[in-house]
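*Asks:* Below: sequence and its predicted model.
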Amino acid sequence: MKELAIFGSTGSIGCSTLNVVRRHRDRFAVSILAAGRNLQRLIEQIREFNPRHVYIIGEKDAAVLKALFPGLDIYRGEDGMDKVSRLTDFDIGVSALVGVAGLRPTWNMINNGKTVALANKEVLVAGGRLVMEAARKQGAALLTVDSEHSAIMQCLRGESHGEIERILLTASGGPFFDREITDSITPEEALRHPTWKMGPKITIDSATMMNKGFEIIEARWLFDVPVERVKVVIHRQSIVHSMVEFKDGSIMANIAPPDMELPIAYALSYPERMEMPQRLDIFAMKALEFKAPDEEKFPCLRLAKEAARAGHGAQVVLNAANEALVARFLAGGLRFTDIPRGVEEMLRQHTPGEPGSIDEVLALDEETRHRTEEWMKTR
């Protein structure tokens, strides 16, 4: 029986993880549930999965939980997140918090030698080198829950690293691949993803294709390949989840239904595979199509690659600026086209440097957000 700590339990990935637990209660139990502000959903999860420890942001919400569950170990606030992520009475931590908020908890779990199922792109975009060095030092397994990186991990299983020619990251292209991008795009339009049901922040990142830029950086760290050997391929059907091209010219692909429960289940049971109900009817499949992305139309792809080449500090700036800009766009205070413009301006203002610690990463993140807020006042 493996015990899980789920950080971001009330979000899309957290709920999908708990669906996997429901299917396999003989294999998994829940030790920690950490949520943001969705109190009602967290209450339902506590009643169903009976964790020992719970985290929620707000003081009033924490008071409600204490009244409902007097024997439960409850944490809240920034200090509470640090404490709950340092606990050790679990086997696998699922890192599914949104944005850079997931960096410190993931860092704590890794430094305790825990296996981490990573669903948070920003952890490796902002934490990259430091996180991977800590994982190696502590002997902590870092398994990916992203469907694309899970696909790559499966394609590389048993293969020699020296035989990799290229990693081919597939992308749906988001809601605007086949239409013009204008200043008038609304949050409602940008949130209409054609394939996946995800949280609002990552859905906007899909619309700008910043998510693929982040995934290029993730692949660079997870699979130890330079960004020049990671190529994005548009695949609107979202059936081929990613591919690896080897030096002999052969390509290995991972093909599966577009359902996040599958990569979650693979990470939780690794190196085994568990029985899952999702099936793909190959006889109903139409021709598989692949296209090259347009980096002029989707400049976030270019910006992410430029940040990766510029160094760790630039990657922190890339992520922090993007988070601030996306939040403002979702709130209705910024044009969609200002997201890549703002990211590019923050990268232009950045003085190159390498953060030497997680504290320095978070300080640069905060500084960048402040500068981004100032820039947005001019729009």
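*Replies:* Structure's in. What do you need?
*Asks:* any idea where the strands of the stretch 1-150 of the chain begin and end?
*Replies:* 2-7, 28-34, 53-56, 73-76, 92-95, 115-118, 142-144 (DSSP state E, counting those that start in this stretch).
*Asks:* by how many degrees do the longest one and strand 2-7 diverge?
*Replies:* Orientation of strand 28-34 against strand 2-7 (axes from the mean of the first three to the mean of the last three Cα atoms, to 10 degrees) gives an angle of 20 degrees.
*Asks:* if we can go back for a sec, please tabulate the strands of the stretch 1-150 of the chain in TSV, including the columns mean neighbour count.
*Replies:* (Glycine included, C-beta is placed from N, CA and C.) Supplementary listing: the strands of the stretch 1-150 of the chain in TSV, determined by neighbours: other Cβ atoms under 10 Å:
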stretch	mean neighbour count
strand 2-7	24
strand 28-34	23
strand 53-56	24
strand 73-76	18
strand 92-95	28
strand 115-118	24
strand 142-144	23
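*Asks:* Helix or strand: which one has A304?
*Replies:* helix 299-310 (DSSP states H and E).
*Asks:* Same question for S238.
*Replies:* Under the assignment given by DSSP H and E, S238 is not contained in any helix or strand.
*Asks:* circling back: what is the rounded mean pLDDT of the helix holding A304?
*Replies:* Within the predicted structure, the mean pLDDT of helix 299-310 is 95.
*Asks:* want to throw the strands of the stretch 1-150 of the chain into TSV with mean pLDDT and distance to R279?
*Replies:* Converted to TSV, these look like this (pLDDT from 0 to 100; distance: least, Cβ to Cβ, whole Å):
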stretch	mean pLDDT	distance to R279
strand 2-7	97	25
strand 28-34	98	22
strand 53-56	97	35
strand 73-76	96	40
strand 92-95	97	24
strand 115-118	96	23
strand 142-144	94	23
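*Asks:* Which one of the ones you listed lies nearest to G173?
*Replies:* When the strands of the stretch 1-150 of the chain are compared by Cβ to Cβ, strand 142-144 sits nearest G173, at 21.5 Å.
*Asks:* number of nearby residues for M276?
*Replies:* For M276, the neighbour count with other Cβ atoms under 10 Å is 18.
*Asks:* Helix or strand: which one has the residue nearest to it when sequence neighbours are not counted?
*Replies:* Taking Cβ to Cβ, 6 or more residues apart in numbering as the measure, M276 lies nearest to A265, with 5.5 Å between them; neighbours along the chain are not counted. Under the criterion of DSSP H and E, A265 resides in helix 261-269.
*Asks:* Can you name every helix or strand that that helix contacts?
*Replies:* Packed against helix 261-269 by the contact rule (3 or more Cβ pairs under 8 Å, 6 or more residues apart in numbering; DSSP states H and E) you find helix 12-23, strand 92-95, strand 115-118, strand 142-144, helix 147-155.
*Asks:* now do 10 Å
*Replies:* Using 3 or more Cβ pairs under 10 Å, 6 or more residues apart in numbering; DSSP states H and E as the contact criterion, the elements in contact with helix 261-269 are strand 2-7, helix 12-23, strand 92-95, strand 115-118, strand 142-144, helix 147-155, strand 251-255.
*Asks:* Let me know the average pLDDT across the longest one.
*Replies:* Looking back up the chat, that one is helix 12-23. Model confidence over helix 12-23, given as mean pLDDT, is 96.
*Asks:* Next, the angle from it to strand 28-34.
*Replies:* With the same axes, to 10 degrees defining the directions, helix 12-23 sits at 150 degrees from strand 28-34.
*Asks:* which regions of the chain lie under the pLDDT threshold?
*Replies:* 195-197 (pLDDT under 70).
*Asks:* same thing but at 50, please
*Replies:* Low-confidence segments of the chain (pLDDT under 50): none present.
*Asks:* Which helix or which strand is home to the closest residue to T351 other than its chain neighbours?
*Replies:* In space, not counting the residues next to it along the chain, T351 is nearest to G313; the distance is 8.0 Å by Cβ to Cβ, 6+ apart. Secondary-structure element containing G313, defined by DSSP H and E: helix 312-330.
*Asks:* For that helix, name the packing helices and strands.
*Replies:* Checked by 3+ Cβ pairs under 10 Å, 6+ apart, helix 312-330 has helix 121-138, helix 187-190, helix 200-208, helix 210-222, helix 299-310, helix 338-349, helix 358-376 packed alongside it.
*Asks:* That helix to helix 121-138, inter-axis angle?
*Replies:* For helix 312-330 against helix 121-138, the angle by the same axes, to 10 degrees is 150 degrees.
*Asks:* I'd like the distance from helix 312-330 to the chain centre, please.
*Replies:* A distance of 14 Å separates the centroid of the chain from that of helix 312-330, by Cα atoms, centre = their mean, to the nearest Å.
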